[in-house]
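Asker: 3D model of this:
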Amino acid sequence: MISVYFEEILSPPFNIGVLRLYVLNEARKISTEMKRDFDRTVSTWDQKPRFSKDVNFGKDKLSIEVGTDDVNYRRVSEGTTGKPRVARGWTGVGGAKAIKLVPYIPKTVPGQIDARAGGEVEGGTIVYRAYTLNTGGIKARGFDELIQEIWEPKFAERLQVALDAAAVSTGFAF
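Answerer: Numbers count the residues shown, from 1 in each chain. Down below sits the predicted model:
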């Protein structure tokens, strides 16, 4: 006669603390890498804004925020609108009115994260005029949208890897 015996297999109790630790550590790594991407947008700026990162892991929600309150950065990223206006010159030596126009190359471009060399052009022609037309607006660079496009697909993959590692660590892996 053939006998079959079944042995009871008891799984260890699930340790939510280990799962939380793995997910929180991965979220911190992601926030650091996102902050690094934001730092790339201002790498050539003379006055760099400070970016803050915040990771919140609650009962049913995980959120990662990276941002800044710097006014100049927000103006460049979000853009500004303004109607064209005429700028009048100042009265210089001998009563002549003049505006000094220095050629300038923007350090950032819409649709790109990386900043580049730019600023005032050395050796460029300086123009003196009695007035000039100021366009009054900045084209939005959309840095936050670009970085969000980069990180949205990666976010779920990275968290799944952290969940798998937590499952292996607690003995619940398949």
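Asker: ok, Phe172 - how many residues close by?
Answerer: 14 (other Cβ atoms under 10 Å). Where C-beta positions appear, they are placed from N, C-alpha and C, glycine not excepted.
Asker: So it, which state does it fall into?
Answerer: coil (DSSP: H, G, I helix; E, B strand; the rest coil).
Asker: Repeat that for Arg40.
Answerer: With three-state DSSP as the criterion, Arg40 reads helix.
Asker: Helix or strand: which one has Leu25?
Answerer: If you look again at residue 25, you'll see it is Asn, not Leu. helix 16-41 (DSSP states H and E).
Asker: for the helix or strand just after that helix, which positions count as buried?
Answerer: Using DSSP H and E, the helix or strand that follows helix 16-41 in sequence is strand 52-57. Buried residues in strand 52-57, counted by 16 or more other Cβ atoms under 10 Å: 53, 55.
Asker: Check stretch 60-74 too.
Answerer: Result for stretch 60-74 [16+ other Cβ under 10 Å]: buried residues 64, 66-68, 70, 73-74.
Asker: so how far is it from its chain's centroid?
Answerer: The chain centre lies 8 Å from the centre of stretch 60-74; the measure is Cα atoms, centre = their mean, to the nearest Å.
Asker: So which residues make contact with it?
Answerer: Defining contact as Cβ atoms under 8 Å, 6 or more residues apart in numbering, one finds that stretch 60-74 is touched by 23, 27, 30-31, 34-35, 38, 42, 47, 49-56, 144, 147, 159.
Asker: how far does it stretch from start to finish?
Answerer: Start-to-end span of stretch 60-74 (Cα to Cα, to the nearest Å) is 31 Å.
Asker: I'd like the numbering to begin with 14 instead of 1 from here.
Answerer: New numbering, starting at 14: the last item is stretch 73-87.
Asker: Just the CA trace of stretch 28-40, in PDB.
Answerer: In PDB, the C-alpha atoms belonging to stretch 28-40 read as follows (Å, rounded to 0.1, in the frame of the first residue of the first chain):
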ATOM      1  CA  ASN A  28       6.300  41.800   8.800                       C
ATOM      2  CA  ILE A  29       4.800  45.100   7.500                       C
ATOM      3  CA  GLY A  30       7.800  47.000   8.900                       C
ATOM      4  CA  VAL A  31      10.200  45.300   6.500                       C
ATOM      5  CA  LEU A  32       7.900  46.100   3.500                       C
ATOM      6  CA  ARG A  33       7.600  49.700   4.700                       C
ATOM      7  CA  LEU A  34      11.400  50.000   5.000                       C
ATOM      8  CA  TYR A  35      12.100  48.700   1.500                       C
ATOM      9  CA  VAL A  36       9.500  50.900  -0.100                       C
ATOM     10  CA  LEU A  37      10.500  54.000   1.800                       C
ATOM     11  CA  ASN A  38      14.200  53.500   1.000                       C
ATOM     12  CA  GLU A  39      13.400  53.100  -2.700                       C
ATOM     13  CA  ALA A  40      11.200  56.300  -2.600                       C
END
